[in-house]
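> Requesting a structural model of the entry that follows:
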Amino acid sequence: MKTEIFDLKTEYDKGLETAAKAIADGKLVGFPTETVYGLGADAMNEEAVRSIYLAKGRPSNNPLIVHIYKFEQLDALVSEVPEKAEKLLRVFWPGPFTAVLNKKPEVNDTVSGGLKTVAVRMPAHAMARELIKRSGKLIAAPSANLSGKPSPTTAQHVIDDFMGKIPVILDGGSADVGLESTVCDLRGDVPIVLRPGGVTAEMIRSVAGDVMISPGVLEELKEGEKALSPGMLYKHYSPKAEVFLAMGGEEKELAGRINILYDKCIKEGRKSEIFCMEASRSLYGERNCRLLGKNAEEIAASLFSELRLADERGVEVVLFEGLSTDGIGLAVMNRMIRAAGFKLI
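Here you go, the predicted structure:
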């Protein structure tokens with residue numbers, strides 16, 4: 001299959017019109033959002049949605065997020081919007097915030113992963129909203145990466161995974177947030193964060209008055225438990241390298257555990273890297289480190305790109321330095337712990 005790539009800085013209208021037609025024709029498109037790049041298809045076309053799962057190698061019980069460009073489109077998807085849910089959506093839409101609500105019968109089971117709920121988001125990215133508008137469709141879109149790999153934050157990441165496999169890729173530059181959206185179950189009185197992201201629990205609490213964090217954010221789901229949100233099932237966001245996460249304990253003690261495992265891996269002849277913050281670099285001596293940033297926001301923006309670069313460098317072991325779960329730190333730790341397949345040191 002020929003893949004057309006459009007730089008939206010220079011081919012805005014041509015790129016969007018080509019992509020919109022592809023969506024309307026039941027085909028797949030890689031497109032930018034403020035979180036990560038999405039792999040989009042017509043959400044109400046079950047065959048088109050099925051092709052997303054096939055292209056990604058994604059398990060069929062892992063639900064997709066449906067993207068809209070205006071609030072009124074929510075009515076086509078959900079049976080009810082509780083008062084507190086609407087209050088939150090009016091504050092955080094458009095933006096990196098996904099609502100899980102009870103779906104209407106017209107919403108196919110393929111897009112919802114067989115659940116009675118549907119996940120819906122209105123992206124803040126102007127190009128993404130314009131694509132939805134021009135296509136005349138609601139767009140179902142997970143991240144535009146092969147299932148299990150680090151999510152794409154640039155068009156090049158999408159090209160690496162899907163060149164020759166999808167007809168259109170839109171290049172809108174680097175994603176601003178760098179992590180997927182916050183997913184929140186808004187059916188009850190208290191919002192439940194299912195997957196943390198750019199809209200933090202603290203931000204939700206400031207609007208709703210209360211918020212709960214699903215145990216599945218930092219733990220594996222129990223056997224037989226259904227995932228209401230993307231990103232809750234399976235090992236996710238992983239490079240080819242084996243990944244370990246160090247969490248808990250004082251900073252020096254945590255670094256000590258990382259250093260012991262790093263030295264062991266090096267003795268075994270395994271190319272290893274430590275992913276850490278700039279402030280703690282000195283704790284690792286002459287060991288090979290990648291500095292992800294000065295704070296959680298910078299780490300969030302660079303994490304997936306750094307994981308892909310580790311693959312390019314032939315790294316065999318990545319050792320993550322854990323960080324505070326305050327603010328967007330919870331989202332970073334959620335991605336790290338899944339990239340590590342819950343292997344903690």
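> So what does the residue in the chain sticking out farthest from the centre have for phi and psi?
Relative to the centre of the chain, the most outlying C-alpha is that of Lys267, 34.8 Å out, by C-alpha atoms, centre = their mean. When read as degrees, to the nearest 10, the backbone of Lys267 gives phi -60, psi -30.
> Now do the residue sitting nearest the centre point of the chain against Thr98, distance only.
The centroid of the chain falls nearest to Glu180 when counting by C-alpha atoms, centre = their mean (2.8 Å). From Glu180 across to Thr98, the span is 9 Å (C-beta to C-beta, to the nearest Å). Glycine gets a C-beta too; all of them are placed from N, C-alpha and C.
> joint contacts of those two?
Common contacts of Glu180 and Thr98 (C-beta atoms under 8 Å, 6 or more residues apart in numbering): Arg195.
> Please enumerate the strands of the stretch 1-150 of the chain.
Assigned by DSSP state E, counting those that start in this stretch, the strands in the stretch 1-150 of the chain fall at 4-7, 29-31, 38-42, 65-67, 97-102, 117-121, 139-140.
> Pipe those strands into a markdown table and attach distance to Tyr237 per row.
Converted to a markdown table, the strands of the stretch 1-150 of the chain look like this (distance: least, C-beta to C-beta, whole Å):
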| stretch | distance to Tyr237 |
| --- | --- |
| strand 4-7 | 24 |
| strand 29-31 | 18 |
| strand 38-42 | 15 |
| strand 65-67 | 16 |
| strand 97-102 | 17 |
| strand 117-121 | 18 |
| strand 139-140 | 20 |
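> Specify the stretch among the ones you listed that is closest to Gly249.
strand 97-102 (32.8 Å; C-beta to C-beta).
> quick one: average pLDDT of the closest one?
For strand 97-102, mean pLDDT rounds to 99.
> which residues sit against it?
For strand 97-102, contacts defined as C-beta under 8 Å, 6+ apart pick out 65, 77-81, 85, 88-89, 116-121, 181-187, 194-195, 197-199, 228-229.
> List only buried entries from those.
By neighbour count, with 16 or more other C-beta atoms under 10 Å, these hold 65, 77-78, 81, 85, 88-89, 117-121, 181-187, 194-195, 197-199, 228-229 as buried.
> Keep only those of those that are in helices.
85, 88-89 (DSSP state H).
> export these to TSV and tack on pLDDT and distance to Asp326?
Output for these, formatted as TSV (pLDDT from 0 to 100; distance: C-beta to C-beta, whole Å):
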residue	pLDDT	distance to Asp326
Ala85	98	25
Leu88	99	20
Leu89	99	24
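> Generate JSON lines for these, with distance to Arg257 as supplementary columns.
Converted to JSON lines, these look like this (distance: C-beta to C-beta, whole Å):
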{"residue": "Ala85", "distance to Arg257": "42"}
{"residue": "Leu88", "distance to Arg257": "39"}
{"residue": "Leu89", "distance to Arg257": "42"}
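> Tell me the one of those nearest Phe71?
Using C-beta to C-beta, Leu89 comes nearest to Phe71 of these, at 7.2 Å.
> From Arg121, how far out is that closest one?
Per C-beta to C-beta, Leu89 is found 10 Å from Arg121.
> can you check Leu16 too?
Counting by C-beta to C-beta, the gap from Leu16 to Arg121 is 19 Å.
> repeat for Lys240
Computed as C-beta to C-beta, the Lys240 to Arg121 distance reads 30 Å.
> Pro82 too?
Distance of Pro82 to Arg121, computed by C-beta to C-beta: 17 Å.
> For the closest residue in space to Gly322 that isn't next to it in sequence, grab the count of nearby residues.
The spatially closest residue to Gly322, leaving aside those adjacent along the chain, is Met247, at 3.4 Å (C-beta to C-beta, 6 or more residues apart in numbering). By other C-beta atoms under 10 Å, the residues close to Met247 number 18.
> Over to Glu251?
Residues near Glu251, counting by other C-beta under 10 Å, number 12.
> Could I get the contacting residues of the nearest residue to Leu254 once chain neighbours are set aside?
Distances taken as C-beta to C-beta, 6+ apart place Ala246 nearest to Leu254, at 5.1 Å, with adjacent residues excluded. Under the criterion of C-beta under 8 Å, 6+ apart, the contact list for Ala246 reads 254-255, 257-258, 319-322, 344-345.
> out of the residues you listed, which are buried?
Among the contacts of Ala246, those classed as buried by 16+ other C-beta under 10 Å are 254-255, 257-258, 319-322, 345.
> ok, of those, which one's closest to Met163?
Set against Met163, the nearest of the buried ones among the contacts of Ala246 by C-beta to C-beta is Phe320 (29.4 Å).
> Quick check: the gap between the closest one and Glu180.
For Phe320, the distance to Glu180 equals 18 Å [C-beta to C-beta].
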